[in-house]
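Chemist: Need a 3D model of the following:
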Amino acid sequence: MSLPDLLTWPYVVITVAVLIFLLYIARNPAHQAILAISRIFYNAMRLSARSVMSAESKLQQRNREVLLASGMNAIEKKLEREFYRVNSVVQRDLQGYPALHRSMSDLITRIDEDYRESTESPPSPPAWLDAIEAVSKIPSSEESLVGNMLKEIHKTLKSHHKETMDQYRKSSGIRHSLLKKMMPFWRKLTNTVDDVGKTISGLMQRAEVIDKKMLEYEEIRKGSDRAVRILSSSSMTHFFTSGFVLLIAFGGAVVNFNLIALPMSEMVGGGSYIGSFKASNIAAMVIILLETVAGIFLMESLRFTNMFPLIQTMDDKWRKRLIIWTFTGLLAFACIEAGLAFMRDLIAADIQSLRQSLAGVQEQESSYRWITTAAQMGLGFLLPFMIALVAIPLESFVESSRTILGVVTVSALRGFAFVLRLAGHVSKYIGQGLIGIYDLLIFPPLWIERLSGNKAKGPKVTEKEEVQP
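Modeler: Numbers count the residues shown, from 1 in each chain. Sure thing, here's the model as predicted:
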C-alpha cells in the first residue's frame with residue numbers, strides 16, 4: 001500500500017478513533033500517573049520548603065543569640081570603661097580623703113580659734129563711777145574743796161578715757177589682723193570644698209551613665225524584642241558607617257600606592273615581572289599591606305580594638321614592647337615613603353626634562369617646585385599612620401557584618417522557601433491541567449458516557465495525600 005493510500009481520510013479517521021478509544025481505556029491509569037507525578041513534585045517542594053523554613057528559623061534564632069551576645073559584649077566594655085574612669089577618679093581625688101578630711105578639720109579648728117580671739121570685748125566701766133556720780137551731786141562753788149576735787153576727777157577721767165580708747169583701738173587692730181590672717185584659710189577651705197563638690201558631681205554623672213548602661217544590659221540579658229531591634233539598627237548603622245570609612249581608607253591606600261609605585265620601580269627594577277604583574281607594583285602593595293598589619297597590631301596593643309584575644313591577654317611588659325616595635329615600624333615605613341615620594345618627584349622632573357629636550361623646548365625651572373616636593377613628602381609620611389587607623393573601622397565592619405549577613409541569609413532562605421512552595425503549587429495545578437487536557441482529547445467517549453447516565457470519575461488527590469507545610 002502506498003503512502004497516499006495510507007493518508008486517505010477513512011484511514012486517518014479510523015486511526016484517530018482507535019487512539020481515542022485506547023486513551024479512553026487508559027484514562028484512569030493515565031490520571032493516576034499524572035497525579036502521582038504532580039503529587040511527587042508537590043510533596044517534594046513542600047518538604048523542601050519546610051526544611052528551608054526550619055533552617056531559616058534556626059538561623060534566625062542563631063542570629064538573635066549572636067546579636068544579643070555582641071550587644072552584651074559591647075555593653076560590658078562600656079561598663080568596664082566607666083568603672084575604670086570611676087576608679088581613676090576615686091584613686092586620684094578621693095584616695096587621700098582621710099588626709100583631706102584631717103586638713104579640713106585643722107583649717108576649721110584654726111579658723112574657729114582665730115574667730116574666738118577676734119571677738120570684740122567692750123571695755124568695762126570703772127568701778128568708782130558711782131562714787132563720782134554721787135560727788136558730782138554735791139553743791140559747790142568753783143573755789144571750794146569739792147570743786148577742786150571735781151576738777152581733778154575730771155582730768156583723771158579724761159586720761160582714763162583716752163587710755164581706754166587707745167587700748168580699744170589696739171585690740172581692734174589685733175582683731176583685724178587676725179581676721180586678715182583667716183582669709184587664706186577660708187579661701188583654701190572653700191577651694192577644697194569646691195574640688196570635692198566637683199569630684200562628687202563627676203561621680204554622680206558617671207553613676208547615672210552606669211545606671212543607664214545597666215538597664216540596657218538587663219534588657220539585653222532578658223532578650224526582649226526591643227533590645228533586638230535596637231541592636232539590629234545599631235549594627236546596620238555601624239556596618240554602613242564603617243564601610244564608608246573603609247572605602248575612604250581604600251582611596252587613601254590607592255593614593256599611597258600611586259605615590260610609591262614609580263620610585264619602587266627604580267629599587268626593584270622596572271622591567272621585572274612576577275607573573276603578569278610588575279614587581280614594583282607588588283612591592284608597593286606589600287609595603288601598604290605591612291603598614292596595615294602594623295597598624296592593626298598597634299591598635300590591638302593599645303586596646304583600641306579586640307580582634308586578637310592573645311594580644312589582649314598578653315603581659316603588660318610584652319604588650320608595651322609590642323607597642324614600641326609596631327610604632328617604630330610605622331615610623332620607619334613613614335620615613336621610607338617620604339624618601340620614596342622625594343625620589344618620585346626627582347624621577348618625574350627627569351622625565352619632564354627628557355620630554356622637553358626631545359621636543360626641543362628649553363627647560364624652565366619653576367620657583368614653586370619645592371611646594372610639590374614638600375606636599376608629596378608630607379603625604380608619604382602621614383599616609384602610613386592614616387592607614388594604621390583602619391583597624392578600628394575594620395573591627396566594627398567585621399562585627400556588624402555578621403548580623404547583616406545573617407539577616408540577608410534569613411531573607412534569602414525565606415524567599416527560597418516561598419519559591420519552593422510556589423513551585424509545589426504550580427506542579428499540582430499543572431497535573432490538574434494535564435488531566436483536563438487528557439480528558440479534552442477523549443471528550444467523545446466521555447460525552448457518550450455522560451449521556452448514558454454514568455458520570456465520569458477520575459482519581460482525586462485527598463487531603464491525606466498532600467503534605468501540608
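Chemist: C-alpha from now on. contacts and neighbour counts both.
Modeler: Will do.
Chemist: And the helices in the stretch 151-300 of the chain?
Modeler: Using DSSP state H, counting those that start in this stretch, the helices found in the stretch 151-300 of the chain span residues 225-268, 279-301.
Chemist: Of those helices, which is nearest N28?
Modeler: helix 225-268 (55.0 Å; C-alpha to C-alpha).
Chemist: now for that closest one, which elements pack on it?
Modeler: helix 27-89, helix 145-222, helix 279-301, helix 316-358, helix 369-388, helix 391-441 (3 or more C-alpha pairs under 8 Å, 6 or more residues apart in numbering; DSSP states H and E).
Chemist: Swap in 7 Å and give it another go.
Modeler: helix 27-89, helix 279-301, helix 316-358, helix 391-441 (3 or more C-alpha pairs under 7 Å, 6 or more residues apart in numbering; DSSP states H and E).
Chemist: Measure how the longest one sits relative to helix 225-268, angle-wise.
Modeler: Relative orientation of helix 27-89 with respect to helix 225-268: 80 degrees, computed using axes from the mean of the first three to the mean of the last three C-alpha atoms, to 10 degrees.
Chemist: Helix 27-89 to helix 391-441, inter-axis angle?
Modeler: Going by the same axes, to 10 degrees, helix 27-89 makes 170 degrees with helix 391-441.
Chemist: what's near enough to touch R414?
Modeler: M53, E56 (C-alpha atoms under 7 Å, 6 or more residues apart in numbering).
Chemist: sorry, that was for I296
Modeler: A388, A391.
Chemist: residues touching L434, list them.
Modeler: No contacts exist for L434 under C-alpha under 7 Å, 6+ apart.
Chemist: Distance of it relative to R450?
Modeler: Applying C-alpha to C-alpha, to the nearest Å, the value for L434 to R450 is 21 Å.
Chemist: Now for K162, how many residues are close by?
Modeler: 12 (other C-alpha atoms under 10 Å).
Chemist: Relative to P393, how far out is G223?
Modeler: Distance from G223 to P393, by C-alpha to C-alpha: 27 Å.
Chemist: Need the nearest residue in space to L379, chain neighbours excluded.
Modeler: Spatially, and ignoring its direct neighbours in sequence, L379 is nearest to A338 (7.5 Å; C-alpha to C-alpha, 6 or more residues apart in numbering).
Chemist: And that neighbour, how far from F381?
Modeler: Taken as C-alpha to C-alpha, the span from A338 to F381 is 5 Å.
Chemist: And for A375?
Modeler: Taken as C-alpha to C-alpha, the span from A375 to F381 is 10 Å.
Chemist: cool, and K320?
Modeler: When K320 is compared with F381 (using C-alpha to C-alpha), they lie 24 Å apart.
Chemist: what do you get for R229?
Modeler: Taking C-alpha to C-alpha, one finds R229 at 44 Å from F381.
Chemist: So for those two, which sits in the more crowded spot?
Modeler: F381 (23 against 12).
Chemist: For the nearest residue to the more buried one once chain neighbours are set aside, grab the count of nearby residues.
Modeler: Closest residue to F381 apart from its sequence neighbours, by C-alpha to C-alpha, 6+ apart: A334 at 4.3 Å. Per other C-alpha under 10 Å, the neighbour tally for A334 reads 22.
Chemist: Ok, M53 next?
Modeler: For M53, using other C-alpha under 10 Å, the count is 20.
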